[in-house]
Each structure stands twice: as structure tokens, then as C-alpha cells.
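Student: Here is a sequence together with a model predicted from it:
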Amino acid sequence: PDYAPGIVMGFIHHTDNANGYSRAAVPGIIRSIYAYHVNSNGWCDVGYIFLVDRFGRIWEGRYGGITKAVVGAHTGGFNTDSFGVSLIGTFTSHAPSSAMLRAVDKLFAWKLGTAYRDPRGKSQLTAGSFSGSRFAAGRTVTFDTVSGHRDADFTDCPGGAAYRDLPSIRNAIAARMGAGFVSPALSTASVMMAGPPVTVSAHVVGTQTWTLTVRDSHGTVVASVPGTAKRSSPVAASWDLTDNGVPVPPGSYALELTGADAAGDSAVPWQASLDVTPPVALTAPSQVALGQPVSVRGRGVPGHHVTVDVTGPGGSVRGTFPVGSDGRWRTTSPVSATGDLDWTVTDTAITGYSRRRTTRVAPAIASPTSSPVLVAAGSAVQVKGSALPSAGPLRLVTQHPGGSPAVTGAAIPVASDGSWSTSFTPTGPTTFWTTDSRGLTSIRRDAYSVSAPAASAPATGYAGRSVRVAGDAGGAPVAVTLRRRLPGGSWTDVRTVTAATDGHFTMQLPLPAAAGGTAATPVRWGIVTSYGAPVTGQVSVQPVFPPTVTGPARVSWNVIALLTGTGVPGDHVIVWTAPAGSSGWVRQGRVTAASDKSWSFALPVTADTAWRVSSPSGTSASGVTVVVPTLHVPSSVASGTRVTFRGRAIPGQTVTLERRLSGATAWTVVRRTTATSNGTWSLRRTVRNAAGYRAVSHGQQSHTRVVSVS
């Protein structure tokens, strides 16, 4: 079975079978419903969650647990979050028995009561996809909490007689429930100690008393709030987070809402859990650089004040700060971290609760400030920073990517003012950081050893197009500039990019448009970085040419015609078609000319079609593909045989079957027919003499088929 998050409503159905069954016949009826739902409908089980017989007995339908939110197949589009109850029988004009209605009342009172729903209220469901639904998929629909199947789908179910009983059924369910909570909710799941009151709200089925009981983690009652509610005046139970006026300590508290009506009928109890958190929270940085100014912040009870104590090398400092209406506070005067700082925050109105944090002085890298650090291959990186003098020795740690082990360097002396400096020479991509004797580390930075660049480009390209220049910028993410020099001109920058972390880059070099003639024109290119000598190369610029296209002259109806041709490599070739003999050109698609200049395009042909192509360098000549009829017939038959002539042609076109007797030169018409919507045609004819046959349609002829006669 599948399960929904919960139940919000129920639908009433009927099984649409005979009404005069016996008690003993009911199991067999349910088995037949099961067989129909599974074998005919293809469902996993009975579609209904429950069934009720005329004797007032309630039967479980779909497997999965009667206390759970089983997803059925009872109301197409609205099976999730609902349950379906089907009356066994047909109730178009025949009313359900009183025993059946009492059973329905009991079942709905129990199911809706445990789901905290109002039988006389409304509920919302989101429509799923179902062809028989009255509502489009995705629409949010409001139903009566107790509805009939016909309210959701195009059906008469549960029959007119049963549907007319729905108002009285809803009232009977509410009367049987007596007391009941509807949609109970807790205003918050977590609140600070001594914070604002929490509220439990709920609507009710009818007039009743209620009690909100609060217990601590040991089960001891710490608060009990009573009240009375009715449909027009719902439950609003408020707890001020105290036990006899004293704020309860932090912890988990169980809230239970109970109720009963004047007749003594009890509502299904509702429980919730509330976390009471400490009255203050403190957020402080876990580590900072030597001498860095530090402020802290946190949360508290709105309207209260917090006291912040900080202890460091210079002694202790205290300050008091207000908690804002949003429950937040922060210190206003930063403290300089000349050493480790210990913070303590308390609520001035609540004793016994505090929060503590420590901010430690960790080593810091002050130079270089950028990351990654780029140096020429073989050069050293100069590193400077600060650290707590008493936390020495300081060491530089380096590590290459790819899981290589970290290498810890020699001890670095730290001056009395906390300053230090060192250097290292990277041999490739390197991550580096510093660590002190307490295991505190600085932030990590990356360094690259950059070698000279390398690059390549095609030897030839086409005028007005571009070629791809790719290479390695020296194994590092450095800035790479592509430059170009035209014949007789000077170098100009085309584009600058930052290489990938492994140094690889790709750029497009635009080539000049043709200046006339067909001679190749050389264009120089160069790749420049701040490391090593530039890389240069040359591209011979070839003149462009208009695209060409060829295609089949004749095809059968609805056959894919393969158009092929040439174009400037990399150009987009646009394919255009028009009805043969017209000028109404329509774009059919585009392809890209390959490096060998070739391209191809699959064109479905369903009528005589003209075609041509265009590209940035021009337009091709046009061609035409005509649709010819096809003819299939046995090549040899016995004289007097009834033979089927068949083939394909353009739908709606007249197909003429023609014959030429053996030894004759003239063709004669045998019969005519019209090609069907799927392009097929056929004729039957008795063959007595050897002859050649052909099919003719809209001026086109099929291949001749010769039929010999024995």
C-alpha cells in the first residue's frame, strides 16, 4: 500500500450491485469487487478503503491498516489525503437502510475524530490527473469534509437516494462525535525560557469544555489551563511558560489538549511537544588573528537585558545590552584580541543560566593577500603574518592536490610583536597554511608555479569566420591574452580570459572578411601571459563559397529524403522547402557543415517539394523531389486469378492503374481509385493475359511491373 501524510476528508460511494443480498453473500460480493478492481481495472487491491453492508457491518477494503492514511483508488484525482467508504448496493432510488447509515455515522465519527476534522466543515484537496475528474490536475478544490463521489468525478455515485442523505449524515456524524477538536495547532515548537506565552488553538465540533495540560520530561504536571469552546468561539489555550508563576527551566515539555461535551463524550486527545531553550544564546568567533577587534552577538528574551563578560590578557570587561523585539542582541564596543578571549553572557532577569564561548588567537597570513598566488616557475613565495608569541613554534604546511600528504616545514620564529615571515618555492599547484603549537591553523591559500604558455590553432580558416586557439597558460589560472596581426598592420588585442585551474584555455580568433579574389591571406596570432615568451602562429585565410545541395528526384510518399551538400566548415546551413511550383519558402531546420565541408539533412516528403539551402555565404540553387506512386503485384499468376494491385500515393490523390498487353505499345486505363488518408491504395482485378502494369498519380508514374500468366 501507499500512504498519504494524513486524512482531511472522506467520500461516500456505492458498489452499484443488487440490494437484496443475504448476510452470507457479502464476503462473495466483496471478493467479486476485488476481482473486478484488480483484474479489470489493473489496481493493486480493492479501490475503497471501507465497505458497509445493509446489515450495518463495516468491512476493510484496501489493505494497509484501518488506522492509517492508506491511498485508495476510490475517487479519481483525489485519492490522496482522503478515504472512500462504499455502500454495498445500488442507491439511485433505493435509500440506504438505517443500519447501514448508523454504521456510516460511526465509521466517519471515528475516522474524522482521529484526524481532527469537522464533519460539517470544508476541506481542500489538490486535483491529480484523472480523465473522469471534474477538475483539472493541479487545481485546489474545496469540498465538504463528507462528500459524495459525484462531487469530484463525472459519475452518479453514490446514487441519488444516498446523495440526498448526505446533509443528515453529516449532522449524525457530528452528533455521534459529541466532542471533538478540529485542526489543533501549537503556535511554536520552540521558545526561550521566560519568553512570550505559547498558544494552542483549535476549532471544535460542538460546545464542549477543554483542558490544556503541560508535563515536563519526568511526566510531572507543571500547568493546567481549562476553558470552554463552541463552533463560534474556538479553543485558545495560552501557557505563560511558568509553573505556579516561576519560569520553567529549559527542556522538553509535553502538551495535551483534552475535552468533553455535556453528555460526557470525550474528544480524541491531541498532543504536541514544546522545546524550552535557555534564555540566552551566544555567538562568538572561534578564532581570530592577533590584535583583531572582536564583537559578539546572540539571542535572548525580547525586552530583557543581557550582561556580557569578557576575560583576556588585559583582565575582565563587563557590558549590558538590550535584547531587541526580534530577540537579537549584540555588543557595541569591539575588544582587541591581544590573546585568547573568554566570553560569558547571562540574562539579568534570570539567574542560573549562562552561555560561554572562547575566542582563540590563531596564526594568520597577512601577505600575500590574494589567492591564488602566482609566481614564475622556480621563484619563491614570500609569506608574512601574525601569531600569538606564546603559541610557538609556528610552521608552514604545504600540500599538492590529489590527496598528496601534507608537508610540514621547519619552525618559524615569531617576534615579540607577533609578526613572522617565511618563504617557499612551489613546484606546481600548492595549498599552504600555517599552524601553531596548539594546533590552530590559518586560512588556506593556493600558489601556482607558472611556466611559459603553449598554444595551437588550425593552419587554415575561412574569411569572415573564426578559428579555435587553445593551449596551456603554464599550468595555472593566469590571465591569457589573444592577439592578432593582419597583413601590413600591427598587433591588436582580441580577448583576454583567465585560464582554468590546470592552465587550459580556449578562445576564438576572428578572421577578416574576403577582400576579393581567391588567394589565401595569412593572419598572425599570438598568445601572451605574464610568464614566459609569447606563442605565435599563422592562419591562411581561404575564400568562402555558397552552399550546395543535392537530393533525390523521385521518392515514394512519406519517405525520408536525404539532402546532402557542402558548406563552409562551421557554418549553419539552413534548409528551406516550398510546395513544388510555388515560392512560399518555409524553414525546415539547420545543420552545421563539418570540417570536410559536408552536411546532410533528413527531409520527410509527403508532396512534391522544392528545396534549397542558405548560409552566411549565400544561397544554393533549388531542386525538386516529386512523389511517385508505388505499385506491388505478384510477378506470376495463374490465368483467371483474382489479383490485388496495391501501393502508396499522396493521400486524396487519384491513382490510375494502367495496363499494356504483351507485345503492345499503348497503355490503357484499367481502373481508378483514391489514395486513403494513410497513403495506401489497392484494386482487385482478374488477370487472364500477361501484361505490364503501372500506377499513375498527379502526373507521376510508378515503375512498370510485368505479370506473367501460366
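Tutor: Ah, there it is. This is a predicted model, so every value here is computed, not measured.

Student: okay, CA-based contacts and neighbour counts for the rest of this
Tutor: OK.

Student: now the helices: where do they sit in this structure?
Tutor: 26-35, 98-114, 160-164, 166-177 (DSSP state H).

Student: Which of these sits closest to Phe601?
Tutor: With Cα to Cα as the measure, helix 26-35 is the member of those nearest Phe601 (53.6 Å).

Student: Give me the mean pLDDT for the closest one.
Tutor: What helix 26-35 shows for mean pLDDT is 96.

Student: Report the separation between Lys241 and Ser190.
Tutor: Residue 241: Leu, not Lys. Distance, Leu241 to Ser190, by Cα to Cα, to the nearest Å: 11 Å.

Student: More neighbours: which of these two?
Tutor: More crowded of Leu241 and Ser190, by other Cα atoms under 10 Å: Leu241, with 23 against 14.

Student: hang on, isn't that one packed against Thr199?
Tutor: No - with contact defined as Cα atoms under 8 Å, Leu241 does not reach Thr199; the gap is 10.5 Å.

Student: How much space separates the nearest residue to Tyr163 once chain neighbours are set aside from Thr213?
Tutor: Spatially, and ignoring its direct neighbours in sequence, Tyr163 is nearest to Gly148 (6.4 Å; Cα to Cα, 6 or more residues apart in numbering). Note on Gly148: its distance to Thr213, by Cα to Cα, is 38 Å.

Student: Just want to know which of those two has more residues nearby.
Tutor: Gly148 (27 against 19).

Student: The residue most central in space within the chain - nearest residue in space that isn't next to it in sequence?
Tutor: Taking Cα atoms, centre = their mean, the centroid of the chain lies closest to Gly138, which sits 16.7 Å from it. Leaving aside its sequence neighbours, Gly138 sits nearest to Ala127 (Cα to Cα, 6+ apart; 5.2 Å).

Student: ok, how many other residues are close to Val613?
Tutor: 27.

Student: Enumerate every residue touching the closest residue to it other than its chain neighbours.
Tutor: Among residues not flanking Val613 along the chain, Val575 sits closest, at 4.6 Å (Cα to Cα, 6+ apart). Neighbour list for Val575: 587-590, 601, 611-614 [criterion: Cα atoms under 8 Å, 6 or more residues apart in numbering].

Student: which stretches of the stretch 501-650 of the chain have low pLDDT?
Tutor: For the stretch 501-650 of the chain, applying pLDDT under 70 flags the ranges 514-519.

Student: Find the residue ranges of the protein scoring beneath the pLDDT cut-off.
Tutor: Applying pLDDT under 70 to the chain picks out residues 514-519.

Student: can you rerun that using 90?
Tutor: 314, 351-352, 370-371, 392-393, 401-403, 487-488, 513-521, 583, 662-663 (pLDDT under 90).

Student: Who does Ser190 form a beta bridge with?
Tutor: Beta bridges link Ser190 to Asp275 when assigned by DSSP bridges.

Student: That one contacts Ala272, correct?
Tutor: No - Ser190 is not in contact with Ala272 according to Cα under 8 Å; the separation is 11.3 Å.

Student: What backbone torsions are found at the closest residue in space to Pro197 that isn't next to it in sequence?
Tutor: With sequence-adjacent residues excluded and distances taken as Cα to Cα, 6+ apart, Pro197 is closest to Asp240, at 4.2 Å. Dihedral pair for Asp240: phi -90, psi 10, per degrees, to the nearest 10.

Student: ok, now which ones touch Asp240?
Tutor: Shown in contact with Asp240 (Cα under 8 Å, 6+ apart): 194, 196-198.

Student: Which residues are in contact with the residue nearest to Gly138?
Tutor: By Cα under 8 Å, 6+ apart, Ala127 lies in contact with 77-78, 135-141.

Student: hmm, try it at 7 Å
Tutor: Ala127 is in contact with 77-78, 135-140, counting by Cα atoms under 7 Å, 6 or more residues apart in numbering.

Student: same check, this time on Gly503
Tutor: Contacts of Gly503 (Cα under 7 Å, 6+ apart): 472-477.

Student: Now do the same contact list for the residue nearest to the centre of the chain.
Tutor: Counting by Cα under 7 Å, 6+ apart, Gly138 touches 126-128.

Student: Tell me what the closest residue to Tyr693 other than its chain neighbours is bridged to.
Tutor: Leaving aside its chain neighbours, Tyr693 sits nearest to Arg659 (4.6 Å; criterion: Cα to Cα, 6+ apart). When assigned by DSSP bridges, Arg659 has beta-bridge partners Thr668, Tyr693.
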